[in-house]
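# With the input below, show me the fold.
(one chain, ligands or ions: 1)
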Amino acid sequence: MSKIINLSLIALAQAHHDHAAIIASEGIFTYRDLLDASARVASCFLNGEDDLREKRVAFLIPPGFHYAATQWGIWRAGGIAVPLCVFHPQPELQYIIDDSRASIVVAHPDFAKVLRPIAETRGLRFLLNSQTLSQTKVALPQIDAQRRAMIIYTSGTTSKPKGVVATHKNIQAQVTALVSAWEWTANDHVLHVLPLHHIHGIINSLTCALWAGAKCEILPKFDAEEVWRRFAAGNVTLFMAVPTIYVKLIEAWEAASPAQQKIMSEACVRMRLMVSGSAALPIHVLEKWQEITNHVLLERYGMTEIGMALSNPLHGQRVPGCVGAPLPNVEVKRVDENGNAVAPGTPGEILIKGPGVFLEYWGKPDATKRAFRDGWFCTGDIAMVENGVYRILGRSSVDIIKTGGYKVSALDIEEVLRTHPQIKECAVIGIADETWGERVAAALMLKPGCVMTLDALRSWAKERLAAYKIPSRILVLDELPRNAMGKVQKPQVTKLFKRT
Ligand code: AMP
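Numbers count the residues shown, from 1 in each chain. Now for the predicted structure:
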């Protein structure tokens, strides 16, 4: 049996003792500080027990040193980490605490008011993160890598969020795939701006950095001006973000004076890699980013259930609009609706196998069973392959529109609509229709001072899209509905159309 593989993270940290691990609003902390703090936190959680034996510990701590010390403390005590989202309202926090059947709830003082009553009414142990750090250290258990390590809740499109359970082994596989593909080393310095209740921030940025012995500089939240200032400071080598963050950074660059723009652009030359993921990266954003920073964003594809699966190369050509090829130790195949493999040029659902694939949906054996076919995880994402390079067409449930016998990709239509000089952003959906099955509808955010009619859009689109792909309904919005990760919430867009 593979023993304490998860705590490779701890063993590796010991080799970097005096190297800075986390730079955050609380201060600068070395790997030694992180090891010491997480041992104290673990001792506090144990509270006289020898091992938490997979008890769930839900924690709500803003991105920073205390977050990392708590996460490691849970793992070192043998618990399962259940990170909560700082943007979630009380009912959602309550749902996750109940669904995960957490025994311990840890809160940063800013969230004590929300979490204490939830914990107290359920008789759960409630701790402030400051309390956990002051504990005297006790002997910690040995943890088998097959054990459950973390439950991340994913926002389901139609159902309540499901808890995605990853073992220590899964996490190790997800992290080592990226450390090797993107060549993380102890000399790296990542600027971390992502929420820490989601795989992107937890695995790709924070845990990869700590695995590699690198520095993780954490901003409590994303702030475009602050990010540019940190880039200009000249230490950052790596940056990971979602497309909306790159859009905001571009806006901040455009708002700056020519002299400032020059400084901002030059700052990026010192970085070695900038990554985009969690949603499709519009090609015009990739192009604009390249123009102002000289970096071709590396786009990758992944999911909470599988970690990262596909990535453009670190060295070599990155194809705009595509997500590259399988990462190390990730098996990928694409199938039709009957489960038969499809030819490269034919759209097919992505199925994934490998050590990074999650263990189960927490407490939902039927949903877990439905998610797998012959040992392959069915992602629900549709893709094409051209010359070994994958292109995501969207989620089969919301982005593949079935209209008049055709199957069209909402992502493809969005990419075309974004080239309209008056359109700032858009979200394309299918709306149920008796004649066509579904009709193509587009929610639009327009550039300042612009107006748009359906007729005007349709006559512009006729030159650029096949007739069946042209939206037959539009809705102009000030903002598209997005989640905490900045992803457009298409079910909400559908609701907005239904209301009009
Ligand atoms: P999450 O589990 O929240 O990370 O969401 C995963 C989903 O985000 C995937 O199933 C895809 O639908 C979508 N996704 C992630 N990366 C990309 C990408 N580069 N392009 C298009 N969709 C993506």
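# List the contacts of the closest residue to the ligand within the stretch 401-500 of the chain.
Proximity to the ligand, evaluated over the stretch 401-500 of the chain using CB to the nearest ligand atom, is greatest for residue 485 at 6.3 Å. (Each C-beta comes from the backbone N, C-alpha and C, glycine too.) If you count contacts by CB atoms under 8 Å, 6 or more residues apart in numbering, residue 485 has them with 194-195, 198, 200, 242, 278-279.
# swap in residue 326?
If you count contacts by CB under 8 Å, 6+ apart, residue 326 has them with 309-310, 332.
# what does residue 450 give?
Shown in contact with residue 450 (CB under 8 Å, 6+ apart): residue 422.
# ok, 10 Å please
If you count contacts by CB atoms under 10 Å, 6 or more residues apart in numbering, residue 450 has them with 420-424, 444, 476.
# Distance to residue 128, secondary structure and pLDDT for those residues - can I get that in JSON lines?
As requested, those are exported to JSON lines (distance: CB to CB, whole Å; DSSP: H, G, I helix; E, B strand; the rest coil; pLDDT from 0 to 100):
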{"residue": "420", "distance to residue 128": "51", "secondary structure": "coil", "pLDDT": "96"}
{"residue": "421", "distance to residue 128": "53", "secondary structure": "coil", "pLDDT": "96"}
{"residue": "422", "distance to residue 128": "51", "secondary structure": "coil", "pLDDT": "97"}
{"residue": "423", "distance to residue 128": "47", "secondary structure": "strand", "pLDDT": "97"}
{"residue": "424", "distance to residue 128": "43", "secondary structure": "strand", "pLDDT": "95"}
{"residue": "444", "distance to residue 128": "46", "secondary structure": "strand", "pLDDT": "97"}
{"residue": "476", "distance to residue 128": "46", "secondary structure": "strand", "pLDDT": "97"}
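# Buried ones from those residues, can you make that a ChimeraX selection?
What follows is the ChimeraX syntax for the buried subset of these, where burial is set by 16 or more other CB atoms under 10 Å:
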select :420,423,444
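# and the two most separated of the contacts of residue 450?
421 and 476 (15.3 Å; CB to CB).
# quick revisit: state the phi and psi torsions of the residue of the stretch 401-500 of the chain closest to the ligand.
Residue 485 has phi and psi values of phi -90, psi 0 when expressed as degrees, to the nearest 10.
# Locate the closest residue to residue 285 other than its chain neighbours within the secondary structure: which element?
Closest residue to residue 285 apart from its sequence neighbours, by CB to CB, 6 or more residues apart in numbering: residue 246 at 5.4 Å. With secondary structure defined by DSSP states H and E, residue 246 is part of helix 243-255.
# Buried residues, that helix. List them.
Applying a neighbour-count criterion of 16+ other CB under 10 Å, the buried positions in helix 243-255 are 243-250, 252-253.
# And stretch 143-155, by the same measure?
Of the residues in stretch 143-155, those with enough neighbours to count as buried (16+ other CB under 10 Å) are 143-145, 147-153, 155.
# I'd like the contacts of residue 450 laid out as CSV, including distance to residue 303.
Supplementary listing: the contacts of residue 450 in CSV, determined by distance: CB to CB, whole Å:
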residue, distance to residue 303
420, 30
421, 34
422, 34
423, 28
424, 28
444, 28
476, 32
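# Quick check on residue 58: phi, psi?
Here the main-chain torsion angles of residue 58 (degrees, to the nearest 10) amount to phi -90, psi 130.
# So residue 43: helix, strand or coil?
Assigned with DSSP: H, G, I helix; E, B strand; the rest coil, residue 43 falls in the helix class.
# Next one, pLDDT for it please.
The per-residue pLDDT reported for residue 43 equals 97.
# check contacts around it.
By CB under 10 Å, 6+ apart, the residues touching residue 43 are 73, 76-77, 132, 135-140.
# switch the cut-off to 6 Å
135, 137-138 (CB atoms under 6 Å, 6 or more residues apart in numbering).
# Tell me the buried residues within these.
135, 138.
# in the host helix or strand of residue 292, what's buried?
Assigning secondary structure by DSSP H and E places residue 292 in helix 283-293. By neighbour count on 16+ other CB under 10 Å, the buried set for helix 283-293 is 285-286, 288-289, 292-293.
# Same check on stretch 39-59?
Here stretch 39-59 shows 39-46, 52, 55-59 as buried, counting by 16+ other CB under 10 Å.
# Take it, keep the C-alpha atoms, and write them as CSV.
Provided in CSV are the C-alpha atoms of stretch 39-59 (Å, rounded to 0.1, in the frame of the first residue of the first chain):
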residue,chain,number,x,y,z
ALA,A,39,1.4,21.2,12.9
ARG,A,40,-0.2,23.5,15.5
VAL,A,41,-3.4,23.7,13.6
ALA,A,42,-3.5,19.9,13.2
SER,A,43,-2.8,19.4,17.0
CYS,A,44,-5.7,21.7,17.7
PHE,A,45,-8.1,19.8,15.4
LEU,A,46,-7.0,16.5,17.0
ASN,A,47,-7.9,17.7,20.4
GLY,A,48,-6.7,14.6,22.1
GLU,A,49,-7.6,12.1,19.3
ASP,A,50,-4.8,10.3,17.4
ASP,A,51,-6.3,10.8,13.9
LEU,A,52,-9.3,12.7,12.6
ARG,A,53,-10.1,9.6,10.4
GLU,A,54,-11.5,11.6,7.5
LYS,A,55,-13.7,13.9,9.7
ARG,A,56,-14.7,16.8,7.6
VAL,A,57,-13.4,20.3,8.5
ALA,A,58,-15.1,23.1,6.8
PHE,A,59,-13.1,26.3,6.7
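# still on that earlier bit, closest to residue 380 out of the buried residues of helix 243-255?
Sorting those by how near they are to residue 380, with CB to CB, puts residue 243 at the top with 19.9 Å.
# Settle this for me: the closest one is touching residue 277, isn't it.
No - with contact taken as CB atoms under 6 Å, residue 243 and residue 277 are classed as non-touching, separated by 8.5 Å.
# Could you pick out the residues of the protein near the ligand for me?
Where proximity means CB under 6 Å from any ligand atom, the interface of the chain facing the ligand comprises 154, 199, 277-280, 299, 301-304, 323, 379, 381, 392, 395.
# could you measure the closest residue to residue 184 other than its chain neighbours against residue 30, distance?
Spatial nearest neighbour of residue 184, excluding adjacent residues (CB to CB, 6+ apart): residue 212 at 3.8 Å. The gap separating residue 212 from residue 30 is 15 Å, by CB to CB, to the nearest Å.
# For these two, indicate the residue with more neighbours.
Each of residue 212 and residue 30 had its neighbours counted (other CB atoms under 10 Å), and the higher figure belongs to residue 212 (23 against 16).
# Show the pLDDT at residue 1.
Residue-level confidence at residue 1 comes out at 41, pLDDT.
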